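for reference, the sequence and a predicted model appear below.
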Amino acid sequence: IAYKDLAARFPGLSPDLGHIREAVLDIRKSKFPDLAVEGTAGSYFKNPLVPRSDAIRLQERYPAMPIFDLPESSDVKVPLAWLMDHVLNLRGYRIGSARLYERQPLVIAADKGARASDVVRLAREVTEKIRAAFDIVIEPEVRAL
């Protein structure tokens with residue numbers, strides 16, 4: 001329960017597995033679109049792994065940005081959603097009928113009638129904006145067929 005959202009739900013507590021499961025489902029439900037209303041493939045982009053020195057330089061520019069250590073690597077994880085939201089103001093950014101979801105900008109939501117080309121164009125544009133602003137190359141988490 002070290003994950004930020006779970007830690008906030010159970011401050012100082014040791015919940016059982018059932019309570020953790022319910023909390024995870026509730027948290028995910030709050031961050032993702034209702035599939036009965038609109039389409040999504042879930043979280044579209046991976047959080048980038050960058051050298052610690054690059055992350056520290058970013059954190060010097062944006063002191064509130066968290067950095068997540070990876071025990072198995074000398075790189076660190078940078079929260080892409082934080083950069084998209086707090087620096088580039090991309091929450092809700094739209095191309096055609098595809099947009100970055102308002103509650104979680106890593107998620108691409110598709111309105112009814114959206115075309116695959118809308119999603120592809122949005123993903124490419126976001127990838128380019130991240131590269132231009134931070135010199136970070138991001139990868140999709142979603143695999144297109």
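On my side now, so go ahead.

the most centrally placed residue in the chain and F45, how far apart?
Taking CA atoms, centre = their mean, the centroid of the chain lies closest to L106, which sits 3.3 Å from it. Computed as CB to CB, to the nearest Å, the L106 to F45 distance reads 5 Å. In this view, the C-beta of every residue, glycine as well, is placed from N, C-alpha and C.

overlap of the contact sets of these two?
Common contacts of L106 and F45, defined by CB atoms under 8 Å, 6 or more residues apart in numbering, comprise 80, 141.

follow-up on the earlier one: quick one, phi/psi of the residue nearest to the centre of the chain?
Main-chain torsions, L106, degrees, to the nearest 10: phi -80, psi -10.

now do the contacts for it.
Here L106 is in contact with 43-45, 47, 80-81, 84, 100, 141 (CB under 8 Å, 6+ apart).

same question for N47.
When contacts are counted by CB under 8 Å, 6+ apart, N47 is found next to 68, 77-81, 106.

buried subset of those residues as a PyMOL selection?
Applying 16 or more other CB atoms under 10 Å to these leaves a buried subset, and the PyMOL line that selects it is:
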select buried, resi 77+78+79+80+81+106
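
what pairs with the helix or strand bottoming out on mean pLDDT in the chain, parallel or antiparallel?
Lowest mean confidence among the helices and strands of the chain (mean pLDDT, DSSP states H and E): strand 39-43, at a mean of 80. The strands beside strand 39-43 in its sheet (DSSP bridges) come out as strand 107-110 (antiparallel).
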